[in-house]
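Enquirer: Show me the folded form of this:
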Amino acid sequence: MNEQRNDFELLSGFAREGDQDAFAEIVRRHLDLVYATALRKAQDEGAAQEVAQNVFAALARKAWRFASDDSLPAWLYKAALLESREWLRGEMRRRRREQNAAELGTTMNTPQDEPALRALIPLLDEALLSLREKDRAALLLRFYESRPLRAVGTSLGVGEDAAQKRVAGALEKVADYFRRRGFRTATAGAVAAALERTASSAPASVANAVISAASQVAPAAILGWAGPVARLASLSKAQTVALCAALVVAPMSWEWHAHLEAKRHLLELHTQLEATRTDRAEVQTEIERYQKTTARLSAALADESSLAARRAAAADEFAAWRQRLHALLAAEDYRWPADSPFVRIPKSIVRKLETNRPVRPPGVLTQAARELLGLTSEEREQIENAFRAHFAAIDQLIDTRVYETNALAPYPSRFGIPSGAVASQVWTIPPLGDQVDTLSKGLETSLQNTLGPDRWSITQGQMGMIGTDTLRRVLNLDAAQNPQQIAVWIFDEGGKPAVGYGWQGNGGAFSRGDIPLDIFKPGPPPDSGMSSGELLGASNLPGGVVERMMNWLQQQAAALPEKEGPR
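Expert: Purely as a prediction, here's the structure:
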């Protein structure tokens, strides 16, 4: 509840119940405002006290007229101005207005070095009356009753910040009022200073005198019907006519007001109904969304249940397979069922097993070699890295020493370039020296550390076996002391150019001669997803020489005439 409401309650308590303490609180709250206004106008403390008594006596008589939204400080200020003017007309007619301003400056102790401030004070009341009631009440509460901004805001029904803005705006409006009347230097600060200079606090004796006089003017007898009857008796004829007209119009106004109130209530109900419908539609939408989400979650739960069932079935199947495998491994015989991809053989036999070219350049192990050795992913990576390093080092040695020749050297061999060859090319690789032995020992050490004794024995046999498709041949471990020759040629086979190639060295040789030349033309190879290098099938030849062979064959194939139609 704000302070303005408290003023109304105090006046109502006084008017209805004769509460003298309530009226005394009103006097103490607003006496400084009335006293300062009267003192500024009458320029006499005794006159100011008399004016204050008359103003509050009038308030006691008219207390029943105030409504809850009336501003009591604004009413008291106007009443003080009117009462002061009446007093001046009766007691101080001989004084001139110019003398009023000078004597007012002396009474208010205005410094002599503030002529602008002294000039503003005589017009201060006119400036305040030019304001709206709430703006004027804000200045009166702030300066004449010395209220803090929070109390001013409470009295006006606003917050502290809004009260500060209203006081500042009212000061600026008063300053504009003065500037429109020729006071060009008038500012909000000057107006505030003038208000502070003209503010005065009434002595305690004045408050007691005013309260005593007001209580005599409006005794507690106004309770019940005595007050209204007395007021009716004091009405003039015109006021009586107006009251009668009001009594006639009042029922009609009440009915009209009731009709408007019912219409407003109906409109509110209609608005509430529309809002309820909107809320219902939103709730229905949310329900549908939740239903869809529930259905989706139910489907996901069903899928998860099905997946869990499949997982459980797979786990059961794997457990059964593991149990069966364990039984097979623990059996005394070596016979496994035909549906198993594995067989069980003794280790003594595993050592004698071998695979055809177990590793292919540039160091990739075949599937058969991985299964035979039982490699883990880490072991496979380590072994393939060791093979890659070996192939790269051998190819680098060959690249620095290989050279081209026109014919095969007179080495003992089991192949030769056909006499009908239309073109041929031969590359000779001289012995590579002790570096090959060093590379071979490093590779063996790496493989032995990774495989362990049992599996190394299988690999060691392959590395010591001589043949065209053995691990020793693929790794070129005999290149240290033995020269090598690789030849490639082109010959006519059934009217179509074909490619043949051969290798010899270390007392051995191999050759091939069934590859069409046109597959080495630029573009994808015909009727196959393999590259031309894979079609050459030279995975057991040194990588550097294979690259030279491919370049030579592509040059020869590019020289072939284009054929019409599909190849």
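Enquirer: just the strands in the stretch 451-567 of the chain please.
Expert: Applying DSSP state E, counting those that start in this stretch to the stretch 451-567 of the chain gives strands spanning 484-493, 496-505, 508-516.
Enquirer: May I see the buried residues of the last one?
Expert: If I follow you right, that is strand 508-516. Across strand 508-516, burial judged by 16 or more other CB atoms under 10 Å covers 508-511, 515-516. The way it works is simple: take the backbone N, C-alpha and C, and place the C-beta from them, glycine included.
Enquirer: can I see the domain layout of this structure?
Expert: 3-234, 243-344, 345-397+438-476, 406-430+483-567 (automatic domain parsing).
Enquirer: distance between the longest one and the chain's centre?
Expert: Averaged C-alpha coordinates place domain 3-234 at 57 Å from its chain's average position (CA atoms, centre = their mean, to the nearest Å).
Enquirer: Please renumber the chain so that the first residue is 3 from this point on.
Expert: Sounds good: first residue 3 from here, last item domain 5-236.
Enquirer: residues near Gln286, how many?
Expert: 10 (other CB atoms under 10 Å).
Enquirer: correction: Glu290
Expert: 10.
Enquirer: what do you get for Glu52?
Expert: 21.
Enquirer: just to revisit the earlier point, among the strands of the stretch 453-569 of the chain, which comes closest to Val53?
Expert: strand 510-518 (131.2 Å; CB to CB).
Enquirer: and that closest one, what other elements does it pack with?
Expert: On a contact count with 3 or more CB pairs under 8 Å, 6 or more residues apart in numbering; DSSP states H and E, strand 510-518 meets strand 498-507.
Enquirer: tell me the mean pLDDT for the strand it packs on?
Expert: Averaged over strand 498-507, pLDDT sits at 86.
Enquirer: got the angle for it vs strand 486-495?
Expert: Between strand 498-507 and strand 486-495, the angle comes out at 160 degrees (axes from the mean of the first three to the mean of the last three CA atoms, to 10 degrees).
Enquirer: and strand 498-507, what other elements does it pack with?
Expert: strand 486-495, strand 510-518.
Enquirer: picking up where we left off before, give me whichever of the domains of the chain is most buried.
Expert: When those are scored by mean count of other CB atoms under 10 Å, the highest mean neighbour count falls to domain 5-236 (a mean of 18).
Enquirer: follow-up on the earlier one: select, out of the strands of the stretch 453-569 of the chain, the one closest to Glu27.
Expert: Glu27 sits nearest to strand 510-518 of all the strands of the stretch 453-569 of the chain, at 121.6 Å, using CB to CB.
Enquirer: how much does that closest one deviate in direction from strand 486-495?
Expert: Counting by the same axes, to 10 degrees, strand 510-518 points 30 degrees away from the direction of strand 486-495.
Enquirer: For strand 510-518, what is the distance to the chain centroid?
Expert: Its chain's C-alpha centre and that of strand 510-518 lie 69 Å apart, by CA atoms, centre = their mean.
Enquirer: What pairs with it, parallel or antiparallel?
Expert: Using DSSP bridges, the strands paired with strand 510-518 are strand 498-507 (antiparallel).
Enquirer: of all the strands of the stretch 453-569 of the chain, which lies closest to Trp89?
Expert: Once those are compared by CB to CB, strand 510-518 is nearest, at 134.8 Å.
Enquirer: Any idea how far apart the tips of stretch 362-378 sit?
Expert: Counting by CA to CA, to the nearest Å, you get 19 Å between the two ends of stretch 362-378.
Enquirer: could you give me the average pLDDT of that stretch?
Expert: For stretch 362-378, the per-residue pLDDT averages 81.
Enquirer: What of stretch 396-415?
Expert: So the average pLDDT for stretch 396-415 ends up being 77.
Enquirer: contacts for it?
Expert: The contact list for stretch 396-415 (CB atoms under 8 Å, 6 or more residues apart in numbering) reads 418-419, 427-432, 434, 437-438, 441, 477-478, 481, 485, 487, 489, 504, 506-507, 509, 511, 544-547, 550.
Enquirer: Try it again at 6 Å.
Expert: With CB atoms under 6 Å, 6 or more residues apart in numbering as the test, stretch 396-415 has contacts from 428-432, 434, 478, 487, 506, 511, 544-546.
Enquirer: for stretch 159-168, same thing?
Expert: Stretch 159-168 is contacted from outside by 4, 140, 151-152, 154-155, using CB under 6 Å, 6+ apart.
Enquirer: Could you tell me which of those belong to strands?
Expert: In strands, defined here by DSSP state E, there are no members of the contacts of stretch 159-168.
Enquirer: Could I get the full set of strands for the stretch 303-452 of the chain?
Expert: 361-362, 366-367, 405-407, 425-431.
Enquirer: could I get the ones you listed as a markdown table with distance to Leu83?
Expert: Listed next are the strands of the stretch 303-452 of the chain as a markdown table, based on distance: least, CB to CB, whole Å:
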| stretch | distance to Leu83 |
| --- | --- |
| strand 361-362 | 116 |
| strand 366-367 | 111 |
| strand 405-407 | 127 |
| strand 425-431 | 126 |
